[in-house]
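K.L.:
After the sequence you'll find the predicted model.
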Amino acid sequence: MSKHFDRLRNEHKDFDFNKSDEDFGSDPIDAFKKWFDDACNTNEKEPNAFCLSTVDVNSFQPSSRILYLKDLRNQELVFYTNYESEKGKQIEGNSNVSMLFFWPDMQRQVRIQGKAYKISNEESDSYFKTRPRSSQVGAWASNQSQLLDSSAELKERVEAIEIKFPGDIPRPDFWGGYAVKAELFEFWQGKPSRLHDRLIFKLENEKWKSFRKNP
């Protein structure tokens with residue numbers, strides 16, 4: 001097994017950048033936008049995909065899953081989900097979350113820590129209207145994270161929702177958006193010999209402080 005993993009080793013020789021702190025400026029939001037635009041303009045298949053980690057307040061067991069960033073506004077990162085899902089319940093009990101964007105073609109990562117809170121109903125309504133009808137039906141039909149007896153059960157609920165809403169489909173009140181107010185950014189750039197570049201921005205007294213960490 002170990003031989004297989006040895007063949008997967010990446011020396012990061014194609015990205016031996018010598019970026020200085022000045023290249024990032026003083027605002028990590030601007031730096032994130034730059035890296036995100038770079039990811040969108042390369043061969044990254046899903047540049048807005050990220051891993052969201054939340055914590056179970058009862059057992060302190062972290063949970064992670066892949067979601068999609070849908071907006072970046074007012075220096076906050078927005079995603080949508082079922083409020084009654086496992087992640088929704090965990091955020092309700094502990095608003096501290098971690099987001100990780102990984103862009104392998106550019107050999108970059110951005111790790112973000114912050115607090116998540118529900119956005120307004122008006123914002124969630126507006127976004128829900130832009131979703132494909134099938135996704136709107138799915139939001140109603142899925143009791144996200146709850147036990148499912150069979151796939152036939154889910155199919156029946158989908159069919160029932162299609163009948164219930166022959167026209168426009170309203171947003172269910174248990175589904176909507178979260179905004180993450182970032183408190184820490186870590187920009188990671190792969191480099192040869194595992195001497196990766198790690199630049200951190202941390203929010204202190206409403207001002208961003210930047211520093212580097214050893215790889």
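P.N.:
Yep, that arrived. Bear in mind that the values here come from a model prediction, so they are computed numbers and not experimental data.

K.L.:
Mind checking the pLDDT average for the strand or helix carrying Ile29?
P.N.:
Element membership for Ile29, per DSSP states H and E: helix 28-40. Mean pLDDT, helix 28-40: 96.

K.L.:
Just the residues contacting it, thanks.
P.N.:
Applying CB atoms under 8 Å, 6 or more residues apart in numbering, the external contacts of helix 28-40 come out as 24-25, 47-48, 72, 75, 101, 103, 106, 108, 110, 112, 182, 185, 187, 201, 208, 210. Backbone N, C-alpha and C define where each C-beta goes, glycine included.

K.L.:
taking the residues you listed one by one, which sit in strands?
P.N.:
Using DSSP state E, 72, 101, 103, 108, 110, 112, 182, 185, 187, 201, 208, 210 are the members of the contacts of helix 28-40 that sit in strands.

K.L.:
which residues of this protein fall in helices?
P.N.:
2-7, 21-24, 28-40, 86-93, 121-130, 133-141, 151-164 (DSSP state H).

K.L.:
in the fourth one, what's buried?
P.N.:
So that's helix 86-93. 86-91 (16 or more other CB atoms under 10 Å).

K.L.:
Present these as a markdown table; the columns should include pLDDT and distance to Ala31.
P.N.:
Shown next, in a markdown table, are the buried residues of helix 86-93 (pLDDT from 0 to 100; distance: CB to CB, whole Å):
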| residue | pLDDT | distance to Ala31 |
| --- | --- | --- |
| Glu86 | 95 | 31 |
| Lys87 | 96 | 27 |
| Gly88 | 96 | 30 |
| Lys89 | 95 | 33 |
| Gln90 | 96 | 29 |
| Ile91 | 97 | 26 |
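
K.L.:
out of those, which one sits closest to Tyr117?
P.N.:
Set against Tyr117, the nearest of those by CB to CB is Ile91 (8.3 Å).

K.L.:
May I ask you to confirm that that closest one is in contact with Ala179?
P.N.:
No: using CB atoms under 8 Å, Ile91 makes no contact with Ala179, being 11.2 Å away.

K.L.:
Please enumerate the shared neighbours of the two.
P.N.:
Joint contacts of Ile91 and Ala179 (CB under 8 Å, 6+ apart) are Ala116.

K.L.:
so how far is stretch 94-108 off the chain centroid?
P.N.:
7 Å (CA atoms, centre = their mean, to the nearest Å).

K.L.:
Sort out which residues of that stretch are buried, please.
P.N.:
95, 97-103, 106-108.

K.L.:
same check, this time on stretch 191-199
P.N.:
191, 196-197, 199.

K.L.:
So what sits opposite the residue nearest in space to the middle of the chain in the bridge?
P.N.:
Most central residue of the chain, judged by C-alpha distance to the mean C-alpha position with CA atoms, centre = their mean, is Phe50 at 3.7 Å. When bridges are called by DSSP bridges, Phe50 pairs up with Leu67.

K.L.:
quick one: furthest residue from the center of the protein?
P.N.:
Distance from the C-alpha centroid of the chain peaks at Ile163, with 33.1 Å (CA atoms, centre = their mean).

K.L.:
hang on, the earlier thing: OK, contacts around the residue nearest to the centre of the chain?
P.N.:
Phe50 neighbours (CB under 8 Å, 6+ apart): 66-69, 99-102.
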